[in-house]
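Engineer: Sequence and predicted structure are below.
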Amino acid sequence: MTAISFLELKQSLTRVSETERRELSAFLIRRGQERPAWKKETARRLAAMAAGQQVSVAALRSRLNHG
């Protein structure tokens, strides 16, 4: 994408409705979730949770109360 076409895209986006902005945001989030890096990080976090590296509600409350 050239700098001019990107600028035109940004200018066009300033004129879309709130509904269109929400749809575009959802689209971009879904596109990001398709990336291998996102999938790898999500898998890593799920594995850490499965391995017991979670924080209990009591521990979280303790951390929040004692800063």
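Structural biologist: Yep, it's here.
Engineer: low pLDDT regions in this structure?
Structural biologist: For the chain, the stretches flagged by pLDDT under 70 are 1, 67.
Engineer: now the residue nearest the centre of the chain: how far from Glu23?
Structural biologist: Nearest residue to the geometric centre of the chain (Cα atoms, centre = their mean): Ile29, 6.2 Å. Going from Ile29 to Glu23 by Cβ to Cβ, to the nearest Å gives 11 Å. In this view, the C-beta of every residue, glycine as well, is placed from N, C-alpha and C.
Engineer: ditto for Val55
Structural biologist: Per Cβ to Cβ, Val55 is found 35 Å from Glu23.
Engineer: Tell me how many other residues crowd Trp38.
Structural biologist: Trp38 is flanked by 13 other residues according to other Cβ atoms under 10 Å.
Engineer: Leu64 and Val55, how far apart?
Structural biologist: The gap separating Leu64 from Val55 is 11 Å, by Cβ to Cβ.
Engineer: Using the three-state scheme, assign the residue nearest to the centre of the chain.
Structural biologist: Assigned state for Ile29: helix (three-state reduction, DSSP: H, G, I helix; E, B strand; the rest coil).
Engineer: helix or strand right after the helix or strand containing Ala37?
Structural biologist: Using DSSP states H and E, Ala37 maps to helix 36-50. Next in sequence after helix 36-50, counting helices and strands by DSSP H and E, comes helix 57-66.
Engineer: what's that following helix packed up against?
Structural biologist: Packed against helix 57-66, as judged by 3 or more Cβ pairs under 8 Å, 6 or more residues apart in numbering; DSSP states H and E, are no other helices or strands.
Engineer: Fine by me, thanks again.
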